[in-house]
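S.K.: sequence first, predicted model second:
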Amino acid sequence: MSNSFLSYLFLILLLSFYPSFRRLYSSYSNKDMKNIIYVRTGDSILLKSDNQSILIDGGNSSYYIGSLYKYLLNIKPSAFLATHFHSDHISGLLNAVENNYDYDLFLNLQDNDTYEAKKLSDLAISHGYKSLHQGDILKLGNFSLKVLWPVENCQETVVIDVDMLNYCSVVLLVSHKNGGRVLLTSDSESPAQERYLDLLTDVDYLKVPHQGSKDSLNPNFLHRAHPENAVISVGENNYGHPSQEVLDYYTSDEIKILRTDEVGDIILVFE
């Protein structure tokens, strides 16, 4: 059988199945969705509603966020948000931003001497960006994104030795107009969590802070948020994430745990 015939046969099969694939992906297009994308170690979250979308972080490589475009039918995100400048959050995001032209960019400039941080800072300054601080509210279709942390001059509020990038990373409470709340915590750890406890409310889903590291566990924080479900964005790593202590605590509190390293992308649909 000739190669040309095989190529022709493959093309016929592809065209035959294309309508099915199109319908499958079109089912995403008319839904309000939040996708926690499997990027191994790190975070990447896509939020979409009413033909608008925002990519929050992008994992440690553009390779892992390629799957986000199937949820957008290859339409590029209309906005990007970097929670902080650690490479496992911005490396993939940087690539996505560099390959886009018309977008809103949200980030807080942070001192970090990595290549990705410098590149993203330069791009933000040249393109224009919007800083995010406690009390700010972003609107995306039927979603409202309320910034719980950081405050302005976040670094000046530190009273103990902490990782400053994690401490000042952006924390978002995402609410849908028809109900449903998701708390996105980035790499927020216990010392920072104490600072915005009073702003927490019951949520349906919690994106577990910092891949479920031991430093992310704060019982006061969990009691205030009172999540029914917890999502851990994690993959094979050398840091021992998620901590067994964290897993045991969530389980003992009857919080259902979903892990990207076990189930892949996690899709939340809001009706």
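M.R.: In hand now; what should we look at? Numbering: from 1, shown residues only.
S.K.: helices along the chain, start to end?
M.R.: With DSSP state H, the ranges of helices along the chain come out as 3-29, 68-71, 87-98, 115-127, 164-167, 190-193, 219-225, 244-252, 260-263.
S.K.: name the nearest residue to the most centrally placed residue in the chain, sequence neighbours excluded.
M.R.: A centroid search over the chain (CA atoms, centre = their mean) returns I45, at 2.8 Å, as the residue closest to the centre. Taking CB to CB, 6 or more residues apart in numbering, and ignoring the residues beside it in sequence, I45 has I56 as its nearest neighbour in space, at 4.3 Å. The way it works is simple: take the backbone N, C-alpha and C, and place the C-beta from them, glycine included.
S.K.: so that neighbour sits against L81, correct?
M.R.: Yes: the pair I56 and L81 qualifies as a contact (CB atoms under 8 Å) at a distance of 4.7 Å.
S.K.: hey, least reliable of the helices of the chain by pLDDT?
M.R.: Of all the helices of the chain, mean pLDDT reaches its minimum on helix 3-29 (a mean of 44).
S.K.: ok, T185 - contacts?
M.R.: Contacts for T185 (CB atoms under 8 Å, 6 or more residues apart in numbering) come out as V171, Q193, L206, K207, V208, P209, H210, S216.
S.K.: and the pLDDT at it?
M.R.: We have a pLDDT of 93 for T185.
S.K.: for A192, see how far away it is.
M.R.: For T185, the distance to A192 under the criterion CB to CB, to the nearest Å works out to 9 Å.
S.K.: again, but for T260
M.R.: Counting by CB to CB, the gap between T260 and A192 amounts to 23 Å.
S.K.: more neighbours: which of these two?
M.R.: Between T260 and A192, counted using other CB atoms under 10 Å, the more crowded position is A192 (28 against 21).
S.K.: thought Y167 was touching the more buried one, still the case?
M.R.: Yes: A192 is within contact range of Y167, at 4.9 Å (criterion: CB under 8 Å).
S.K.: which residues are common contacts for the two?
M.R.: Any residue near both A192 and Y167 by CB under 8 Å, 6+ apart counts here, and that gives P150.
S.K.: quick one: the strands in the stretch 51-200 of the chain?
M.R.: For the stretch 51-200 of the chain, the strands defined by DSSP state E, counting those that start in this stretch occupy 52-56, 79-81, 104-106, 137-140, 143-149, 171-176, 181-184.
S.K.: next, format the ones you listed as a markdown table and append mean neighbour count and distance to R224.
M.R.: Shown next, in a markdown table, are the strands of the stretch 51-200 of the chain (neighbours: other CB atoms under 10 Å; distance: least, CB to CB, whole Å):
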| stretch | mean neighbour count | distance to R224 |
| --- | --- | --- |
| strand 52-56 | 23 | 22 |
| strand 79-81 | 23 | 24 |
| strand 104-106 | 18 | 25 |
| strand 137-140 | 14 | 20 |
| strand 143-149 | 21 | 11 |
| strand 171-176 | 23 | 12 |
| strand 181-184 | 24 | 10 |
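S.K.: what's near enough to touch L148?
M.R.: Under the criterion of CB under 8 Å, 6+ apart, the neighbours of L148 are Q134, V171, L172, L173, Y196, L199, L200.
S.K.: meant to ask about A230, not that
M.R.: Taking CB under 8 Å, 6+ apart as the contact definition, A230 lies against Y205, L206, V208, Y250, I255, K256, I257, L258.
S.K.: what of E98?
M.R.: For E98, the residues meeting the contact criterion (CB under 8 Å, 6+ apart) are L123.
S.K.: against S53, how distant is it?
M.R.: Applying CB to CB, one obtains 17 Å for the distance of E98 from S53.
S.K.: got it, and H133?
M.R.: H133 is 23 Å from S53, by CB to CB.
S.K.: and if you look at L109?
M.R.: Summarising the geometry, the distance separating L109 from S53, computed by CB to CB, is 24 Å.
S.K.: ok, D265 next?
M.R.: When CB to CB is the yardstick, D265 and S53 sit 15 Å from each other.
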